[in-house]
Structures are given as structure tokens and as C-alpha cells.
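Engineer: need a structure here:
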Amino acid sequence: MTPDEIRSLFTRSDGSYLCARWGRPIAPIVFGVEDATLSVVKGAYQAVCALAGHQMAETDPELGVNAMVFFFRDWDELLAVPDLDRLVEGLEPLVARLKAADANQYRVFRFDANGAIRACFVFLRIDEHLLAVPAETLALSQVVQSILLWSDTAFSDRSPLGQLEDGRVVLRPEIAGLIRAAYDPVMPAVAQDPSHALRLAARIGLPS
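Structural biologist: The predicted model follows:
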């Protein structure tokens, strides 16, 4: 990937550059699915964390769990989840906006004092479009989009996933390389200077 292509993935619609990775092990939990889908989602977390060289954990010492994935049919269901409004500030107006936009997915991030990702909430309203997506594809897509703080416009034109000739859906190699580069220990956990994209580009070219 060129530095400009990388920069675009972390340049927000307001023109600011921001890239952040997780600052702690990821402890995921999934709501609203059967055990088979639960294992698929956790398997996606395991695969992407292994790719990034990042740790997973059973629990987060501060939050209990820090990566929550919710599957549901109607946005109003979120308002009935106990204490979710304490974890997601402005939950009620957020739900109203998502309903008005007829959205079927949304991600909310929380950050630590240094700006690294502290928690992520993934909301998936299973409409006819998401219902047609295989569970493995949906899980991998969501985990990839929550392993880093991407731009709010990233992947609007092209998915981070690609399809092999045998029909299998996999993470695009250039996105996989970018995730590995962002999690390189020598890279900062948070970057707001666009020159960060140059450093990422340089690291993608290095052998793993």
C-alpha cells in the first residue's frame, strides 16, 4: 500500500488523522446468538489477534469484558440491556439516530488516558442484508474493523475482506500487513500526525 492509501484509511471525514490500537488484551463477549455463532465470533478475534501479535484474555481486570458484540433485530432492544447506557454515553439519542438512518451496524470505542483503545461495542441489527452474510464473513469483518480505530470513511468503497477462487472469504493481504505494522511494538499505540502513515508503509515492507 502507498502512504497515501494508508493515510486515507485513518483520515476522518473532518480531515483529522487518528490511528489507535488496543492498549490492553481483548476480552470479548457476544450477545444474542447461538453457541455455534459465538464460537465463530471468538474464533475471528483469535485469528485477528494472532495476526496482530496482540493478546486476548478471559476477563479485563477493570471492565470484566471489553469487547462486546450485540446481535439483535431492532435498535430499541439496546435500550433494554441493563446498564448499557452507563457504558455507552448517550445511548438513547444514538439509537434514535441509527433508527432514523436505517443503519444495520455501528461501533462505539472507548479509550484509556493515553488514547489507546480500552473497549469496543459492536452493534449488529440483523436485517435482510446482514442475514444474507455468512457468519464467518460478518464476524471477521467486524473484528477487523474494531482491531484498530480506522477512519469513519474507511472501507466505505471497498471491504477489508476479499474472496479466493474457491469462494473462501479472507482478509485482504494489504490490510493484514497494515494491522501487523500498526501493532509493531516500535510503533506508537496512538498517532495523530499524518506522517505516521509513512512509518506504517515502511514497516509493511519489512519481513515479519
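Engineer: For stretch 82-100, which outside residues touch it?
Structural biologist: By C-beta atoms under 8 Å, 6 or more residues apart in numbering, the list of residues contacting stretch 82-100 from outside reads Met68, Trp75, Asp76, Leu78, Leu79, Tyr106, Val108, Arg110, Ala119, Phe121, Phe123, Arg125. Bear in mind the C-beta positions are built from the backbone N, C-alpha and C, glycine included.
Engineer: Tell me where the longest strand sits in the chain.
Structural biologist: As assigned by DSSP state E, the longest strand anywhere in the chain is strand 117-125.
Engineer: next structured bit after that one?
Structural biologist: helix 128-131 (DSSP states H and E).
Engineer: separation between Asn104 and Phe72?
Structural biologist: Asn104 sits 11 Å away from Phe72, taking C-beta to C-beta, to the nearest Å as the criterion.
Engineer: ok now do the residue most central in space within the chain, which residues does it touch?
Structural biologist: In the chain, the centroid-proximal residue (C-alpha atoms, centre = their mean) is Ser146; its distance is 1.1 Å. Shown in contact with Ser146 (C-beta under 8 Å, 6+ apart): Ala67, Arg107, Phe109, Cys120, Val122.
Engineer: can I assume it sits in a helix?
Structural biologist: Yes: checked against DSSP: H, G, I helix; E, B strand; the rest coil, Ser146 lies within a helix.
Engineer: which residue sits closest to it in space, ignoring its chain neighbours?
Structural biologist: Leaving aside its sequence neighbours, Ser146 sits nearest to Cys120 (C-beta to C-beta, 6 or more residues apart in numbering; 4.5 Å).
Engineer: can you pull the contacts of that neighbour?
Structural biologist: By C-beta under 8 Å, 6+ apart, the contact list for Cys120 reads Asn66, Ala67, Met68, Arg107, Val108, Phe109, Arg110, Ser146.
Engineer: Most neighbours among the residues you listed, which one is it?
Structural biologist: Per-residue neighbour counts (other C-beta atoms under 10 Å) across the contacts of Cys120 peak at Ala67, which has 25 neighbours.
Engineer: Burial check on the residue nearest to that one when sequence neighbours are not counted, number of neighbours?
Structural biologist: Once flanking residues are discounted, Ala67 sits nearest to Pro28: 4.0 Å by C-beta to C-beta, 6+ apart. Residues within reach of Pro28, counting by other C-beta under 10 Å, total 24.
Engineer: what's the domain layout of the protein?
Structural biologist: Annotated domains of the chain cover 1-21+148-208, 22-133 [automatic domain parsing].
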